[in-house]
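[1] model this:
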Amino acid sequence: MKGGRSKAETKKTDSKLSVKKRGAPSEKASKKPAKKGKAAKDPNKPKRPASAFFVFMEEFRKTFKEKHPNNKSVSVVGKAGGDKWKSMSEADKAPYVAKAEKRKTEYNKTLQAYNKKMAEGANAADDEEESDKSRSEVNDEDDEDESGEEEDDDE
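    Okay, the predicted model is just below:
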């Protein structure tokens, strides 16, 4: 066999490969930094408004419960609502779209106010840090003057 491997060479190669696979994880894998989780959500942030379909579903759930009081399945209500929404014309959907748009404009106003408040809070925190730094610098200068005066008194 020209250029072919002998049985002994194949076994050595296979054993080396199997040792690497079974061995401890490589150093590269252990040195990787741990994945960071998602940033914590702010509970004060305004929630996004419901779409036109979900505005429709709020009303539809009430009427469906009245017609089918024994139904406990959420999926049945969702499927029935989805089927009805698909069969509705644009004119039938218009009041729900209008309500959704109104909610969206209100949400945008509250979100802008929230973002402005958060920006002001960040600026206030920066100002406090700067004022603390400036205070410490002033205090350091005062300490030096006082220490210098004390040395003069001792002489």
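
[2] Following the helix or strand bottoming out on mean pLDDT in the chain in sequence, what is the next regular element?
    Every helix and strand of the chain was ranked by mean pLDDT, DSSP states H and E. The lowest is helix 27-31, at a mean of 52. Counting by DSSP states H and E, the next helix or strand C-terminal to helix 27-31 is helix 52-67.

[3] Give the rounded mean pLDDT of the helix or strand where K104 lies.
    For K104, the element it lies in under DSSP H and E is helix 90-154. In this model, helix 90-154 has an average pLDDT of 75.

[4] And stretch 62-72, what's buried?
    With burial defined by 16 or more other Cβ atoms under 10 Å, the residues of stretch 62-72 counted as buried are F64. For every residue, glycine as well, the C-beta is placed using N, CA and C.

[5] Return it as PDB; C-alpha atoms alone will do.
    Only the C-alpha atoms of stretch 62-72 are listed here, as PDB (Å, rounded to 0.1, in the frame of the first residue of the first chain):
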ATOM      1  CA  LYS A  62     -66.200  39.000  27.800                       C
ATOM      2  CA  THR A  63     -68.800  38.100  25.200                       C
ATOM      3  CA  PHE A  64     -67.400  34.600  24.700                       C
ATOM      4  CA  LYS A  65     -67.600  33.900  28.500                       C
ATOM      5  CA  GLU A  66     -71.300  35.000  28.500                       C
ATOM      6  CA  LYS A  67     -72.100  32.700  25.600                       C
ATOM      7  CA  HIS A  68     -70.000  29.800  26.900                       C
ATOM      8  CA  PRO A  69     -69.800  30.000  30.700                       C
ATOM      9  CA  ASN A  70     -68.600  26.300  31.100                       C
ATOM     10  CA  ASN A  71     -65.600  26.800  28.900                       C
ATOM     11  CA  LYS A  72     -62.300  26.800  30.900                       C
END
